[in-house]
Each structure stands twice: as structure tokens, then as C-alpha cells.
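**Q** Output the structure for:
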Amino acid sequence: MFKSTLSLVKLTPLLIFLAGLIFIGVYMIRNLPTATLALFTRVESPREYSFKSYDKLLKEFVKEGLVDYGALKKSDLLDKSLKELASTSPTNLNTESQACYWLNAHNLLTIKIITDRYPIKTLQDIGLDRASRRFVVGGETLSIQKLYGNKLMPVLMNRAIPTEAVFLICGGSLAYPPLAEHAILPANLENDAKVAAYRYLTNEKNVYFNRATGAFLISNLMKRYSRKFAQIDQDPFSMCTLYLTKEQCPDLTDIMLTKTYFSKIDHRVNSLEYLEGIKPKTPDHETDKKEAPAKNNSKTGS
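**A** The predicted model follows:
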């Protein structure tokens, strides 16, 4: 028995190596069509780009920030939008135009991976698609995760881009800001960003102040954009107060105020088909209130 155990131990590195090769092989085979497409895609680098097909897609299939994925599956607008994105590089675009390009690209690819798997109910049902699936974007192959981390957020961190632009990023679930019903373009970037921030921050599912208990609860998503908020000397909590009415807004200087983040995330897909099941449902703040820490001097919680 000792010898067989010893043999197994010796074989472990080889087994791990073989498993790694199999994983790499599967990954390469899965993404081979995308890599081939990138090689043969003729790429243009315009000085302006309007996302015509994607804009039409949003106007036709998005309502109140929700997507009619069932109808979209039957349309050719998604493929047209992806082909235009694949063959258009943002190289010659100015900073604001690049921000719009990557915002639209991120949201378009998110719509794509959900549409391909629809009818799924939650964002968790897409598995590892955000990290493993690659698409041709401006002549190069990118996953949504790489696009977000290496392309979108670096340009959004430019101080010339409105702070509220982060609220134009839609990840495909109800925990994220709702989709705009048109493509984001430089001329309207600031206005669209402020509208998106208002829609998100005044929704009690995302920001909620219980005056009776002194608990100020906000979405976990706000943590992600702390560095961007800091550019205008705001933290996630004070950023929320910029858009709340006097009745909704807590006094952040009150040492008895409890500031914390929602303990639950709404992973349901932003599907128009589920609208009737979504609209009547109110946030489960009773649960969050019970889980919120007692009044103390702490500034944040988890």
C-alpha cells in the first residue's frame, strides 16, 4: 500500500501537467474561430463612431433598462452590431469617444453572452463566459473581463471623463445600473452619465436610508468605483447623497449613523420577459436591517 501511495505521489505532477494541457487545448479549440476571425477582419480606425446597429438594437429591444432577449434571439441586429464592433478600432478616437466605445462594447458583449444562453434566469447561469469567451473587438480578441479591466476602466479613470460614467456600465443583472436605450455617444456622455446615476442612486434597491434606525445601506457595487469617486472627493456613501432628496438623505456627519453595504445581490438577469415579476418586488430591507450592525461610530461595514 505504501508503494502504491508513493507511486501516486510521484505521478501527481504529471497528472496536473496533463490536466493543464487538456484545459489549454479546450480553451484554444473553443476560441480558435474567434482568433481566426480576428486575423481576417479588415479593421478601420475612424475619428468618429456612432454604433449605428447597436443603437438600433437598443432602441428596438430595450425598455426601462431591460432587454427583450427572446425577441433579440430572432433578430440579426446582434450579429450586425458585433461585426461592426469587430471591424472598428478606437485607435484614432479622442478620450471621450474611446470611453463611449468601450462602454458600448462592454454592454454589447454582455447582451451577447446572455442572449446566447437565454432563457437563463440569473447571471450566475452564464458560468465562466465573462472570462473565457473571447470576441473580436477592433481587430483584437478580448473577453469581457479583459475588456473591462484592461480597456474600459483605464479610460474611465481619466479625469476628463465624468465620474458618473461608471453608472453606464451594465453587467446584465438587476444589481447593475439599467441599460440606456440608445448607444452612448460623446455629445451626450455627461448627460447620459448623470441620468444613469440618478436612476441608480434614487432606487431603493440600491440606496436606502432608514431614518428610524439610522441605517444607511448602499449597493456593494459602489465599492468597485471608489477610486473614481475619489476624483471628486467623494466616497461611495457621500457619492450617493449627491443624488438623494433632502427627505432621502442622511446626515453623514452624524456619529450615530450606521453605514453599511447590502448583504444580498440581485443576480436576476435584466430580462424584459421577467418584468412583471420584477416590478412589484420591493427590496428585502427588513432582512438587511436585521443584519445591519447596531448604531456605532464606524464608517463602513460589510
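
**Q** isn't residue 249 right up against residue 207?
**A** No - look at residue 249 against residue 207 with Cβ atoms under 8 Å: they stay out of range, at 9.8 Å. (C-beta placed from N, C-alpha, C; glycine too.)

**Q** and these two? which has more neighbours close in?
**A** Looking at residue 249 and residue 207 with other Cβ atoms under 10 Å, you find the greater number of neighbours at residue 207, namely 24 against 15.

**Q** Contacts only, for the more buried one.
**A** Residue 207 is in contact with 201, 217, 218, 219, 240, 244, 248, counting by Cβ atoms under 8 Å, 6 or more residues apart in numbering.

**Q** separation between it and residue 165?
**A** Distance from residue 207 to residue 165, counting by Cβ to Cβ, to the nearest Å: 18 Å.

**Q** Same question for residue 206.
**A** The value you get for residue 206 to residue 165, if Cβ to Cβ is used, is 17 Å.

**Q** what mean pLDDT would you report for stretch 242-256?
**A** Summarised as a single mean, pLDDT over stretch 242-256 is 93.

**Q** Need the residues that contact it.
**A** For stretch 242-256, the surrounding residues in contact (Cβ under 8 Å, 6+ apart) are 197-198, 201-202, 207, 209, 211, 214, 216, 234, 237-238, 241, 257, 259, 295, 297.

**Q** In it, which residues are buried?
**A** Judged by neighbour count using 16 or more other Cβ atoms under 10 Å, the buried positions of stretch 242-256 are 243, 248, 250.

**Q** Can you tell me the SS state at the first one?
**A** Using DSSP: H, G, I helix; E, B strand; the rest coil, the secondary structure recorded for residue 243 is coil.

**Q** just use 316 as the starting number from now, easier for me
**A** Renumbered: residue one is now 316, and that last one reads residue 558.

**Q** Next, it: phi, psi?
**A** Note on residue 558: backbone dihedrals following degrees, to the nearest 10 are phi -110, psi 0.

**Q** Name the nearest residue to it, sequence neighbours excluded.
**A** residue 516 (4.2 Å; Cβ to Cβ, 6 or more residues apart in numbering).

**Q** number of nearby residues for that neighbour?
**A** Neighbourhood size, residue 516 [other Cβ under 10 Å]: 22.

**Q** So it is in contact with residue 555, correct?
**A** Yes - in this structure residue 516 lies within contact range of residue 555 using Cβ under 8 Å: 5.2 Å.

**Q** and residue 483, how many residues sit next to it?
**A** 26.

**Q** now swap in residue 467 and tell me
**A** Neighbours of residue 467 (other Cβ under 10 Å): 23.

**Q** On the three-state scheme, the residue nearest the centre of the chain is what?
**A** Residue closest to the average C-alpha location in the chain (Cα atoms, centre = their mean): residue 486, at 2.8 Å. Here residue 486 is recorded as coil under three-state DSSP.

**Q** how near is it to residue 366?
**A** 19 Å.

**Q** and residue 456, that's in a strand?
**A** Yes - secondary structure of residue 456 (three-state DSSP): part of a strand.

**Q** I'd assumed residue 450 was in contact with it.
**A** Yes - using Cβ under 8 Å, residue 456 makes contact with residue 450 at a distance of 7.0 Å.

**Q** Which parts of the stretch 416-565 of the chain are helices?
**A** Residue ranges of the helices in the stretch 416-565 of the chain, as given by DSSP state H, counting those that start in this stretch, are 444-447, 459-461, 468-471, 504-516, 536-539, 541-545, 551-556.

**Q** what comes into contact with the second one?
**A** Spelled out, it's helix 459-461. Taking Cβ under 8 Å, 6+ apart as the rule, helix 459-461 contacts 421, 424, 425, 428, 444, 445, 446, 448, 450.

**Q** Quick check: the gap between the third one and residue 484.
**A** So the one you mean is residue 425. Noted for residue 425: a distance of 9 Å to residue 484, by Cβ to Cβ.

**Q** out of those two, which sits in the more crowded spot?
**A** Under the criterion of other Cβ under 10 Å, the comparison of residue 425 against residue 484 puts residue 425 first, with 26 against 21.

**Q** How about the more buried one, nearest residue that isn't a chain neighbour?
**A** residue 487 (4.5 Å).

**Q** Contact partners for residue 467?
**A** By Cβ under 8 Å, 6+ apart, the residues touching residue 467 are 417, 418, 420, 421, 484.

**Q** now swap in residue 475 and tell me
**A** 410, 411.

**Q** and the gap between it and residue 433?
**A** Applying Cβ to Cβ, the value for residue 475 to residue 433 is 37 Å.
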